[in-house]
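[1] Sequence and predicted model, in that order:
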Amino acid sequence: MRRSWVTVMAAMAVATGCGSGSGPAAAPSPHAASPAAATGRLTVTSSAYADGGTVPRRHTCDGADVSPPLDLTGVPAHTAALALLLQDTDAPHGTFTHWLAWDIDPHTTRLSAGEHPRGAREGRDDFGKTGYAGPCPPRGDRPHHYVLTVYAADRRVPLAAGASPAELLRALSGHTLAMGTLTGRYGRG
């Protein structure tokens, strides 16, 4: 069942799991920690799939497992850094993080497929690795929803590489000027 924005924004549970359900604890939904001060909206799109569309196999664990191309518009003028978080909101044991990066150049308007954001730091996903790890839901599940959230921050994020999703969300709290999302779906039959 697809979660409504209200449900996702209200979700505060820290949970585990994706795939076999044996992953480490995950951070709350990216929307759960969205600071009230985030009044702006930025737009996140991809030439690989439309918002609400199916994530192509190339960008999943069943394909090349490379991040999708992304385009960003509407980043506020006073943004000091961008951050991103990719999470599976339908994982068997709660929200599961697939990618987190911060201190992305605020003038970034495009990331090519598989591109590591220049100058950015990346954190530990719920597989325990850094970098992009594409959608990989359990076989037989209905398609999961993968929410990619991009945050425009009013300062550089004071975290070392390898930080957790919860640490990133805490660092962004009260420092987010705008945010935008791109949701993709993926199932493995």
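    Now that the structure is in, tell me what you want to look at. Numbering: from 1, shown residues only.

[2] Tell me if I'm right that residue 61 and residue 132 touch.
    No: Residue 61 is beyond contact range of residue 132, at 10.8 Å (criterion: Cβ atoms under 8 Å). The way it works is simple: take the backbone N, C-alpha and C, and place the C-beta from them, glycine included.

[3] higher neighbour count, those two?
    Neighbour count, other Cβ atoms under 10 Å: between residue 61 and residue 132, residue 132 has more, with 21 against 17.

[4] In terms of helices and strands, where is the nearest residue to that one once chain neighbours are set aside?
    Nearest non-adjacent residue to residue 132, counting by Cβ to Cβ, 6 or more residues apart in numbering: residue 67, 4.1 Å away. Assigned by DSSP states H and E, residue 67 belongs to no helix or strand.

[5] doesn't residue 99 make contact with residue 67?
    Yes: using Cβ under 8 Å, residue 67 makes contact with residue 99 at a distance of 6.8 Å.

[6] between the two, who's got more neighbours?
    residue 67 (25 against 21).

[7] separation between the more buried one and residue 76?
    Counting by Cβ to Cβ, to the nearest Å, the gap from residue 67 to residue 76 is 24 Å.

[8] And for residue 65?
    32 Å.

[9] what does residue 161 give?
    Counting by Cβ to Cβ - residue 161 and residue 76 are separated by 25 Å.

[10] ditto for residue 64
    33 Å.

[11] next one: residue 46
    Remark: distance between residue 46 and residue 76 (Cβ to Cβ) = 21 Å.
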